[in-house]
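Asks: Generate a structure from the sequence data that follows.
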Amino acid sequence: MLTLPITLSEIAPRLSAGAFILNSGLGKRGADEETAAGMQGFAAGTYPFLKKVSAQQFVQGLSTTEIVLGAALLTPFVPTFAAGAALTAFSGGLLGLYLKTPGMRKPGSLAPTEQGLSLAKDSWLVGIGIGLMTRGLIERRPRVSVKKATKLANKQAKQAAKDARREAKAA
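Replies: Predicted structure coming up:
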């Protein structure tokens, strides 16, 4: 019997986030020079090391990252913790843009301005990523097939009967 490293409760968040991110990555594949320069300039305002990367190289890297991440979330063979960790890291970068870019938030607040709304909505990706990581770490129980569970239960029953006979003889 084939068991997947995900459970039914993990499918919906992985599907929604994965499809969204995959679509975003595919949409950036053919970005023109002006669009690429705008994206790279916006990101470099928060992450200055990106100024050293050409605009086209930045967009191609971002596009590839989004495609790989989206595909990983949609692939049930990718363990939940790994998919959640990748999503959390990626969406943490997006949240950094929201928190560090001037004009994205109302003064003295985490509430978004009209301009910041498109980035603030990405906070749900952080929540999904952390939820998947948590599920992958602490809420998972090792899976056992019915055959293995039956064998283990029979073995434990035999041991319990043996222990009971030993105690009866000792009494």
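
Asks: Residue for residue, what is the longest helix this protein has?
Replies: Determined from DSSP state H, the single longest helix within the chain is helix 146-170.

Asks: Can you spell out the domain ranges of the protein, please?
Replies: Each structural domain of the chain that the record assigns through automatic domain parsing is listed here as a residue range: 8-140, 144-171.

Asks: check contacts around the residue nearest to the spatial centre of the chain.
Replies: Among the residues of the chain, residue 84 comes closest to the average C-alpha position under CA atoms, centre = their mean, at 2.6 Å. Taking CB atoms under 8 Å, 6 or more residues apart in numbering as the criterion, residue 84 is in contact with 128-136. Just so you know, the C-beta spots here come from the backbone N, C-alpha and C atoms, and that holds for glycine as well.

Asks: how close does it get to residue 135?
Replies: 7 Å (CB to CB, to the nearest Å).

Asks: Where does pLDDT dip in the chain?
Replies: Within the chain, the stretches with pLDDT under 70 are 1-5, 139-145.

Asks: in the protein, which spans are helices?
Replies: Listed in chain order, the helices of the chain (DSSP H) span 8-28, 33-46, 55-74, 80-100, 117-120, 123-137, 146-170.

Asks: what's in contact with the first one?
Replies: Yep, that's helix 8-28 we're talking about. Surrounding helix 8-28, the residues in contact under the criterion CB under 8 Å, 6+ apart are 6, 39, 59, 62-74, 76, 80, 83, 87, 90, 125, 128-129, 131-132, 135.

Asks: Okay, buried residues for that helix please.
Replies: If you call a residue buried by 16 or more other CB atoms under 10 Å, then helix 8-28 has these buried ones: 10, 13-14, 17-18, 20-22, 25, 28.

Asks: Equivalent analysis for the fourth one, please.
Replies: By neighbour count, and taking 16+ other CB under 10 Å as the criterion, the buried residues in helix 80-100 are 80-81, 83-88, 90-91, 94-95, 97-98.
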